[in-house]
Structure formats: C-alpha cells, structure tokens
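Peer 1: Could you look at this predicted model? Sequence included:
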2 protein chains.
Amino acid sequence: MRISALADEAGLPVATVKFYLREGLLHPGVATSATQATYDASHLRRLRVIRALTGPVGLTVQQTRAILGLIDHPGDDLYATLGRAVGSLPPATSPASDDDPDPYPRARAALAALGQVYDPNFAAVAQLEAALEAVEAAGMPISDDRLLEYGRHVRDIAAYDLERMPPDPNSAVEYTVLGTALYEPVLLALRRLAHQDIAARRDLGPGTASAGE
Amino acid sequence: MRISALADEAGLPVATVKFYLREGLLHPGVATSATQATYDASHLRRLRVIRALTGPVGLTVQQTRAILGLIDHPGDDLYATLGRAVGSLPPATSPASDDDPDPYPRARAALAALGQVYDPNFAAVAQLEAALEAVEAAGMPISDDRLLEYGRHVRDIAAYDLERMPPDPNSAVEYTVLGTALYEPVLLALRRLAHQDIAARRDLGPGTASAGE
DNA sequence: GTGATTAGATAGTGATACTCTCCAATATTA
DNA sequence: TAATATTGGAGAGTATCACTATCTAATCAC
C-alpha cells in the first residue's frame, strides 16, 4: 500500500499523513526505493487512533505523541504508566513547587472524604485541584455531598473499566491508556444527554424547578 | 474600582481584561469620564467565570461568549437553553445533512438501549455519535454492556444534578449551564483518580491483570 | 502642573495544525 | 522507450487563536 492509498483509506489528505510521519506520530513505511515506501494495516490503524485522539478527545499533536509513546513503549509498571498517561492528557497542570507543604488542599480533602489514596505526584490530583478551584472561583463550589455522589458513581465506572482489562500486558496498557482517554467524551456526552432526558421527562419550564442544594 | 484594581484582584494583566472587554465577554464598566470607568464586584465575578471556562473547561473565547450569553439572556425554556448550551460546548460537531434519514445510528441505538429520548437536533447526540465513531475507529468499540453501565451511573449523576437546581428561574439557568460545563473536569479527574486508586489497591503489575471484556 | 492612569484602537506575537510547493528519483503506462 | 504520474523529504506558507504590546489623547491624583 502506497501513501496515497493509505491516505485515501484513512480519509485524509496525503499532506496530513506526511505531517504525522514527520511529527513521529505515525511509524515510517518500509522503504522499497529512494522514493517509495509501503504501508500496511498497522499504519491505517494508527491513523485512526491519531484521529480519535486529536479529534473528539481533543489532544494536541504533542499530547498525542506522548500517549502513543506510552502504548508503544510501556514501562513494566501499569500503575506508573497510567500515571504518565494521565499526565499527558489535558487539562495540563504545572508541577507544584517543592516547598509547598500542601499544594492540593481541595483535592486532598476530597480524596480523604472519598476514602481514596492521595498521591500529590499523580497528575490527576493537580487536575482535580484545578477543577475544584475553578468551580469555587466561578461561584459554584461543590458540596461534600455532591462530591461523594459523583465519586461513588465514578468509582463504580472505574471498577467496571479495570475489571475488563485484557490479560496480555501490552494489551492491558493500550486498553487502560486509550480507554481512559477515548471513553471520556462518551461519558460526557452521556451525561449531557441524561440532563436533557430528565429535563424533558419533567417538562421543566423555567418556573417549575425544585429545591436548591 | 478602576481597571487596574480589577485586574489585580482577578490576578490578570490589564491588557487581558481589556481584551475580554473588547471581545464582549466582560460587560463594560460605568464610564465616569472620557478616559475612566469604574468596575464592581460583578465584573470580578464575571472574570472568575471566564477564567474557569477558558481554563479547566477548555473553552475558546467564542464558546465562552456563547455560554455567557445564554446565562445573560436565557430564553423562557430551560430545556431549549440547555440544548443551546451543550451546542456551544466542545467537541464541536457539524450539523447533519437534512436528507440523511439516519444521521446518528450509533447514538440512536445507544439511547434506545438506555431507554432515553432520541432527539437528532440535540447537540449532545452528535457529540455522542462522534465519540462512538472515534472509539470504534480506534479499535476499542464500546460493548452494549459497558454503555448500559456508563449510562446508568451517569444518569444517576444527572438526576442528582437536576434535583438540586435552584428554584429561581435565572439561577436555574446559570446553575444548569455552568454546572454542565464546570463539573465535567471534576468528573473526569475523579474517574482518573478512581482508576489510579483501584489499580493501586490491587497492586497491579503488568502481569497481574484479570479477564477481558 | 507634572507624572501616572485610562479608554479605545491597531498591530504584533508565539503556538498550533496543518497545507503547499518544490525537487530529484522512481514508477506506471502508452 | 518515452511521456506522465507519484513519491519521499524538506522547507515555507497559512489560518486561527489567545493574548500582549504600543500608541494617543484625555483625565486623574498629588
């Protein structure tokens, strides 16, 4: 398969495929001469993953490269690989300064309330802190009750995810890393649809709301 | 309060505040002369919302303007306003062509399985379709079982959200629109943390995984 | 009255994700 | 075999975005 056929199959301009090659997102084809290389199904598959990550998931090329790198060269520790994967996902957070004794107070409190491990080195902790800061600053702080409710459901979802991890180590990394990233848009779309569905069923006009938090 | 004081309080450069004024994200202050205007707490509050939306939520200035516009000028129908809000949120989707009899087959099937209303005009339906297409293309299709599991939990979360809607119509719109957008990063961070927590508890190395889906 | 500040407008910047152009070498086809 | 098309590779160009900087005339604070 030559580059034009590959681009056609993937539904992309040849220039874009070349761009991904240059950026190291797509592995090179097998060169058959100075001006020719052949590509196979693995390239097509990779292009589809790239488009999924840069599209609905909304990753930049840099972030996509980081995620793909983890899949291609997983460490021997899935827990650590998962941590690195989350660190490559948006929203990007800056590392906390070393001399701050309690860099993520909101996240720490939240995780304590949920009975979960608090590891300040995990990127998602910084992401949670930033998210909690933002909702607070925007005047819509999250009550403990809401946090517990969200946490409980989300934990069930995560448990479901991990129960279905494939046994093969390489597949496990790919499943976990891609699953974390790819299923997020699905989850958000489902939540938005559930809001709509419930609102529709209650036939809520602006004056027919119920009690506050 | 003058613009420099406002910028200081919000922790932003004056140039950025001016930019938001120009872009119509921030309402103008009260002009006291040709070269002076005063700003108040409402401006500070608005700046915090803007930063929350453009930061962790990851909206562009355009999308932020659309969301703020909905809060400032809500229609008299919360259901429709919610629809417009979701349409302004990423990921952006292009409208389906009118002559396509079934533009969102995956989303339609998913909603049918969940027993929820299918409304092809709702933006989240297109978003769900795009997300499902992407996971499929990436080689990690979602099983019906997983969809049901996600849908069930997410629906409970949405029900919790709507139960706590404030009674006042204007507050209800703000709560619903901002709540949809602002709580999403929290939810995603919690899911990532739950993955980590469960992985840590099981002390999962690469070889210690369980059964596949 | 003098130096700082402001509103408002215009232009510049740096990052990002492509997209285009060009070239010499090679492949395909008539 | 000759004409035409395609390719790999490299470089430059483009469009968008979210600021950021500069400038000017007016006004403020001391």
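Peer 2: Great, that's in hand.
Peer 1: can you tell if stretch A:172-189 touches chain B?
Peer 2: Yes. Using CB under 8 Å from any CB of the partner chain, stretch A:172-189 comes into contact with chain B via A:172-173, A:175-176, A:178-180, A:182-189. (Each C-beta comes from the backbone N, C-alpha and C, glycine too.)
Peer 1: list the buried ones in stretch A:164-179?
Peer 2: A:164-166, A:169, A:172-179 (16 or more other CB atoms under 10 Å in any protein chain shown).
Peer 1: let me redo that: stretch A:79-91
Peer 2: Buried, per 16+ other CB under 10 Å, within stretch A:79-91: A:79, A:81-91.
Peer 1: swap in stretch A:50-67?
Peer 2: A:50-59, A:63-67.
Peer 1: Relative to the whole chain's centre, how far out is it?
Peer 2: Distance, stretch centre to chain centre, for stretch A:50-67: 9 Å (CA atoms, centre = their mean, to the nearest Å).
Peer 1: outside of that stretch, which residues touch it?
Peer 2: A:10, A:12, A:20, A:23-26, A:68, A:84-85, A:88-90, A:177-178, A:181-182, A:184-185, B:58, B:90-91, B:127, B:130-131, B:134-135, B:137-138 (CB atoms under 8 Å, 6 or more residues apart in numbering or on different chains).
Peer 1: Distance across that stretch, terminal residue to terminal residue?
Peer 2: 10 Å (CA to CA, to the nearest Å).
Peer 1: And for stretch A:32-39?
Peer 2: Stretch A:32-39: ends 11 Å apart by CA to CA.
Peer 1: Need the residues that contact it.
Peer 2: For stretch A:32-39, contacts defined as CB under 8 Å, 6+ apart pick out A:1-3, A:5-6, A:28-31.
Peer 1: For the residue nearest to residue A:134 when sequence neighbours are not counted, what are phi and psi?
Peer 2: In space, and not counting its chain neighbours, residue A:134 is closest to residue B:52: 3.9 Å by CB to CB, 6 or more residues apart in numbering or on different chains. As for residue B:52, its main-chain torsions (degrees, to the nearest 10) stand at phi -70, psi -40.
Peer 1: and what of the one 3 residues further on?
Peer 2: With angles defined as degrees, to the nearest 10, residue B:55 shows backbone torsions of phi -90, psi -100.
Peer 1: ok, now residue A:94?
Peer 2: phi -90, psi 150.
Peer 1: centroid residue for chain A?
Peer 2: residue A:181 (2.6 Å; CA atoms, centre = their mean).
Peer 1: Contacts only, for it.
Peer 2: So residue A:181 contacts A:53, A:57, A:59, A:67, A:85, A:89 (CB under 8 Å, 6+ apart).
Peer 1: Can you redo the residues you listed as a markdown table, where the extra columns are pLDDT and secondary structure?
Peer 2: Output for the contacts of residue A:181, formatted as a markdown table (pLDDT from 0 to 100; DSSP: H, G, I helix; E, B strand; the rest coil):
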| residue | pLDDT | secondary structure |
| --- | --- | --- |
| A:53 | 97 | helix |
| A:57 | 94 | coil |
| A:59 | 96 | coil |
| A:67 | 96 | helix |
| A:85 | 94 | helix |
| A:89 | 93 | coil |
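Peer 1: and of those, the nearest to residue A:40?
Peer 2: residue A:53 (20.7 Å; CB to CB).
Peer 1: mind listing the helices for chain A?
Peer 2: A:3-10, A:14-22, A:41-54, A:61-72, A:78-88, A:105-114, A:123-137, A:144-163, A:169-202 (DSSP state H).
Peer 1: Have a look at chain A and report the helix or strand with the lowest mean pLDDT.
Peer 2: Ranking every helix and strand in chain A by mean pLDDT, DSSP states H and E puts helix A:78-88 at the bottom, with a mean of 90.
Peer 1: which strands and helices sit next to that helix?
Peer 2: helix A:61-72, helix A:123-137, helix A:169-202, helix B:169-202 (3 or more CB pairs under 8 Å, 6 or more residues apart in numbering or on different chains; DSSP states H and E).
Peer 1: at 6 Å what do you get?
Peer 2: Counting contacts by 3 or more CB pairs under 6 Å, 6 or more residues apart in numbering or on different chains; DSSP states H and E, helix A:78-88 is packed against helix A:61-72, helix A:123-137, helix A:169-202.
Peer 1: mind exporting that helix as PDB, just the C-alpha atoms?
Peer 2: Output of helix A:78-88 as PDB, limited to C-alpha atoms (Å, rounded to 0.1, in the frame of the first residue of the first chain):
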ATOM      1  CA  LEU A  78       1.000  -0.400  34.700                       C
ATOM      2  CA  TYR A  79       0.200   1.900  37.700                       C
ATOM      3  CA  ALA A  80       3.100   4.200  36.700                       C
ATOM      4  CA  THR A  81       2.200   4.100  33.000                       C
ATOM      5  CA  LEU A  82      -1.300   5.000  33.900                       C
ATOM      6  CA  GLY A  83       0.100   8.000  35.900                       C
ATOM      7  CA  ARG A  84       2.200   9.100  32.900                       C
ATOM      8  CA  ALA A  85      -0.700   8.800  30.600                       C
ATOM      9  CA  VAL A  86      -2.900  11.000  32.800                       C
ATOM     10  CA  GLY A  87      -0.100  13.500  32.900                       C
ATOM     11  CA  SER A  88      -0.100  13.700  29.200                       C
END
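Peer 1: can you list contacts of it?
Peer 2: A:63, A:66-67, A:70, A:74-75, A:122-124, A:173, A:176-177, B:192, B:199, B:204, B:206 (CB atoms under 6 Å, 6 or more residues apart in numbering or on different chains).
Peer 1: again, but for stretch A:132-148
Peer 2: A:106, A:110, A:113, A:213, B:48-49, B:52, B:55-56, B:178, B:182.
Peer 1: any chance of those in TSV, plus pLDDT and distance to DNA strand D?
Peer 2: Converted to TSV, the contacts of stretch A:132-148 look like this (pLDDT from 0 to 100; distance: CB to the nearest atom of the strand, whole Å):
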residue	pLDDT	distance to DNA strand D
A:106	96	23
A:110	97	27
A:113	95	32
A:213	38	30
B:48	98	13
B:49	97	13
B:52	97	12
B:55	95	8
B:56	93	13
B:178	95	18
B:182	96	16
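Peer 1: Please see if stretch A:3-23 touches DNA strand C.
Peer 2: Yes. Stretch A:3-23 reaches DNA strand C (CB under 7 Å from any atom of the strand) through A:13, A:15-16, A:18-19.
Peer 1: Sweet, I'm off.
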